[in-house]
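Visitor: Turn this into a model:
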Amino acid sequence: MSNDLTNKKCEAVQPVQQMTESEMFAQRRAKLDKWRDFNVDPYGEAFDTDGKISDVRGKFKEGEEFHVKAAGRVTAMRDMGKSSFFDIRDYSGRIQVYIQKNIVGDEAYSRFKLVDIGDFAGVSGPMFLTRTGELSVKASSFKILSKALRFLPEKWHGLADVEQRYRQRYLDLITNQESVDIFRKRMEIIRHIRAFLSERDFLEVETPMLQPIPGGAQAKPFETFYEALNSKMYMRIAPELYLKRLLVGGFNKIFELNRNFRNEGMSRKHNPEFTMIEIYQAYGDCRTMMDLVENLISSAAQKVNGSTKIEKADGTVIDLTTPWKRLEYDDAVRGVAGADWFLLGKDAKIAKALGMGLDVNQDMSDGEITHEVYEKAVEPTLIQPTFVTNLPVSLVPLAKRSSQSPDKVDVFELEINGQEIAPGYSELNDPGEQSLRFAQQQGGNHDDSKTDKDFLAALEHGMPPAGGMGIGIDRLVMLLTRAESIRDVILFPQLRPK
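Guide: As a prediction, the model looks like this:
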């Protein structure tokens with residue numbers, strides 16, 4: 001359908017007089033009452049659409065008349081007297097609507113005049129191109145679907161207050177297309193991960209979030225109380241010990257993608273409630289997991305970005321093309337602390353670490369001092385994907401010892417863009433050694449109240465050799481969307497109460 005109209009689309013919203021917030025609210029409440037005077041419910045009813053707005057746009061073929069039904073939030077308006085242009089938008093995009101008094105009738109058009117920016121509306125009519133090539137719907141009918149009583153912030157130019165973006169994420173999503181794109185990519189990444197694993201015969205499972213003994217990681221848990229059982233419980237810090245019980249039970253390839261909770265600090269890279277996927281494969285090992293995570297992440301990047309290369313804001317390009325670099329933990333530490341680091345005594349290590357600007361002291365063990373060097377001086381430099389392997393036994397109590405170095409465990413930490421994305425292990429399945437490791441983790445005092453004896457009993461029934469790993473979904477999304485803060489990739493991050 002052709003049309004000789006000049007596109008009058010206006011990117012600015014309706015002009016708003018200088019009014020107080022209460023005056024603006026009252027004005028919209030008055031319009032709400034007028035809708036009801038017309039015997040129209042301003043909060044609408046079901047409206048049958050032809051899909052999301054991007055689907056509606058996709059139906060257009062030049063030279064063919066196609067009637068559509070579309071709905072969305074009104075985001076821009078231009079009054080031309082007996083006709084008007086306005087935009088409706090959803091997360092997938094926007095489309096312009098042209099409404100004329102002589103088409104919809106006097107009564108319907110007078111009702112349309114009650115519409116404000118932010119209202120939800122449904123329209124139906126043929127699509128056409130304006131003279132300037134703007135795809136539009138020529139409304140043959142219009143319906144109010146929900147009245148917005150508050151004005152949207154910043155006239156559609158986004159929220160300037162970063163904290164407000166997090167506290168009122170719904171406004172951020174309305175006004176900031178960049179945020180919409182990040183969360184659409186997050187959903188695509190998660191969908192891809194599930195499909196990738198399903199194609200390889202992994203089964204998705206669910207394990208308890210409330211646990212009597214928090215295990216699977218070293219972290220401070222959130223505590224709660226289970227009234228029905230009259231017992232203290234903990235929000236899980238990791239699902240690992242329950243997932244390994246399923247390996248004992250005969251499920252060979254499993255994963256869980258869900259929340260973990262750690263009652264610790266918040267930062268640009270840390271949120272106390274976060275999304276993690278843990279994956280286990282019987283008869284595999286650490287290297288099995290390396291191959292799996294390489295292909296998973298590189299294919300996710302290709303899926304959501306169309307490339308395995310990510311350009312950072314500073315121009316640095318992270319190349320996720322496989323295979324990825326492998327670097328032993330000791331070599332990584334020597335690279336920043338000197339070739340003689342592991343020959344030094346404790347005092348000399350402390351002196352050198354202090355000279356590097358690290359926070360170390362005499363109360364720390366040699367291993368803790370070394371790991372401080374790794375975390376603060378090595379990890380931030382690993383921008384390209386790198387598997388750091390063969391970590392000290394003391395750092396990973398749930399992993400199998402290395403066959404080459406008994407003081408090391410057969411594990412990796414996958415570092416990308418200066419932060420850990422995924423740890424992976426050859427899983428420890430010897431119940432005797434696992435019990436000993438738990439005792440060592442507790443400083444040599446085997447506290448039964450802190451030891452998951454049921455997990456040890458499960459190991460005593462026999463667990464196959466296995467590879468396992470966890471991937472921090474929030475950090476992975478940060479990487480693939482180039483987000484600077486973990487709060488930018490979590491819809492509702494934790495914030496201090498007002």
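
Visitor: Domain map for the chain?
Guide: Annotated domains of the chain cover 21-151, 172-324+384-488 [automatic domain parsing].

Visitor: Let's have the ones you listed in a markdown table, adding mean pLDDT, mean neighbour count and distance to Asn361.
Guide: For glycine as for every other residue, the C-beta is placed from the backbone atoms N, C-alpha and C. Shown next, in a markdown table, are those (pLDDT from 0 to 100; neighbours: other C-beta atoms under 10 Å; distance: least, C-beta to C-beta, whole Å):
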| stretch | mean pLDDT | mean neighbour count | distance to Asn361 |
| --- | --- | --- | --- |
| domain 21-151 | 95 | 16 | 51 |
| domain 172-324+384-488 | 95 | 18 | 18 |
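
Visitor: So in the protein, which helix runs the longest?
Guide: Criterion DSSP state H: the longest helix present in the chain is helix 177-199.

Visitor: can you list contacts of that one?
Guide: 91, 165, 169, 172-173, 204, 255, 257, 277, 279, 295-296, 299-300, 303-304, 471, 473, 476-477, 480-481, 483, 488-489, 491 (C-beta atoms under 8 Å, 6 or more residues apart in numbering).

Visitor: Turn the domains of the chain into JSON lines, including distance to Gly338.
Guide: Listed next are the domains of the chain as JSON lines, based on distance: least, C-beta to C-beta, whole Å:
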{"stretch": "domain 21-151", "distance to Gly338": "53"}
{"stretch": "domain 172-324+384-488", "distance to Gly338": "18"}
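
Visitor: do you know which of the ones you listed lies nearest Asp359?
Guide: Minimum separation from Asp359 across those (C-beta to C-beta) falls at domain 172-324+384-488, 14.5 Å.

Visitor: And that closest one, end to end?
Guide: By C-alpha to C-alpha, to the nearest Å, the extent of domain 172-324+384-488 from end to end equals 11 Å.

Visitor: what's the distance between it and the middle of its chain?
Guide: 15 Å (C-alpha atoms, centre = their mean, to the nearest Å).

Visitor: ok, now stretch 30-50?
Guide: 36 Å.

Visitor: Please confirm that Arg28 is located within a helix.
Guide: Yes. Arg28: assigned to a helix according to DSSP: H, G, I helix; E, B strand; the rest coil.

Visitor: Tell me if I'm right that it and Asp119 touch.
Guide: No. Arg28 lies out of contact with Asp119 (C-beta atoms under 8 Å); the separation is 9.1 Å.

Visitor: Could I get the full set of helices for the stretch 351-498 of the chain?
Guide: 366-373, 431-441, 453-460, 473-481 (DSSP state H, counting those that start in this stretch).

Visitor: Could you save the ones you listed as JSON lines and add columns showing distance to Ser405?
Guide: Converted to JSON lines, the helices of the stretch 351-498 of the chain look like this (distance: least, C-beta to C-beta, whole Å):
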{"stretch": "helix 366-373", "distance to Ser405": "14"}
{"stretch": "helix 431-441", "distance to Ser405": "16"}
{"stretch": "helix 453-460", "distance to Ser405": "23"}
{"stretch": "helix 473-481", "distance to Ser405": "29"}
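
Visitor: Val104 is nearest to which of these?
Guide: Between the helices of the stretch 351-498 of the chain, helix 473-481 lies closest to Val104; by C-beta to C-beta that is 41.9 Å.
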